[in-house]
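Engineer: show me how the following folds:
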Amino acid sequence: MLKEFKNFIMTGNVIDFAVAVIMAGAIGLVINGFVNDIIMPVVGEFAGGIDFANLKYVLTATQGVEGEAGFVAENAVRYGAWINTIVNLIIVGFVMFLLVKAYNKTKKPAEPAAPAGPSQEDLLAEIRDLLKKQ
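Structural biologist: Numbers count the residues shown, from 1 in each chain. Below is the predicted model:
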């Protein structure tokens, strides 16, 4: 059983998948940093200096001082964080589109399909003509 497990783990598909997961995590961190630290400040500037991450609708305001009795934390709908997530999704989707497009350009062009033989009608017409000649 241990030998079977070793063979399973050492197959190319499992190794390729593991590398892909690790690379996806690293690329995810890079893209998140790019979006949060570079793109969102630019988008916020074009939107009138708004920091989307701080946009929220407060349902219940903070009451009291944190750590004391009777403290109630703020309850808010943080729609700005959701806007950031949507922008992040769009940027990640665009980057993935560019990566797949670049990858597809590196692939060899498909072999041209073998020329199709004559159609059924052509074959029947040829048989007809041969029969007429006899």
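Engineer: going forward, measure contacts between C-alpha atoms and count neighbours the same way
Structural biologist: Will do.
Engineer: what residue is smack in the middle of this protein?
Structural biologist: Residue closest to the mean C-alpha point of the chain, counted by CA atoms, centre = their mean, is G93 at 4.8 Å.
Engineer: just say helix, strand or coil for it.
Structural biologist: In three-state terms, and counting by DSSP: H, G, I helix; E, B strand; the rest coil, G93 is helix.
Engineer: how close does G64 sit to E74?
Structural biologist: Going from G64 to E74 by CA to CA, to the nearest Å gives 10 Å.
Engineer: least confident secondary structure element in this structure?
Structural biologist: Ranked by mean pLDDT, DSSP states H and E, the weakest helix or strand in the chain is helix 2-9, scoring a mean of 78.
Engineer: ok, residues contacting it?
Structural biologist: Under the contact criterion CA atoms under 8 Å, 6 or more residues apart in numbering, helix 2-9 has outside partners 14-15.
Engineer: put the alpha carbons of that helix into PDB.
Structural biologist: The C-alpha trace of helix 2-9 is given here as PDB (Å, rounded to 0.1, in the frame of the first residue of the first chain):
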ATOM      1  CA  LEU A   2       2.900   2.400   0.800                       C
ATOM      2  CA  LYS A   3       4.400   1.600  -2.600                       C
ATOM      3  CA  GLU A   4       1.100   2.400  -4.300                       C
ATOM      4  CA  PHE A   5       0.900   5.700  -2.400                       C
ATOM      5  CA  LYS A   6       4.400   6.600  -3.500                       C
ATOM      6  CA  ASN A   7       3.600   5.800  -7.100                       C
ATOM      7  CA  PHE A   8       0.500   8.000  -6.800                       C
ATOM      8  CA  ILE A   9       2.300  10.900  -5.300                       C
END
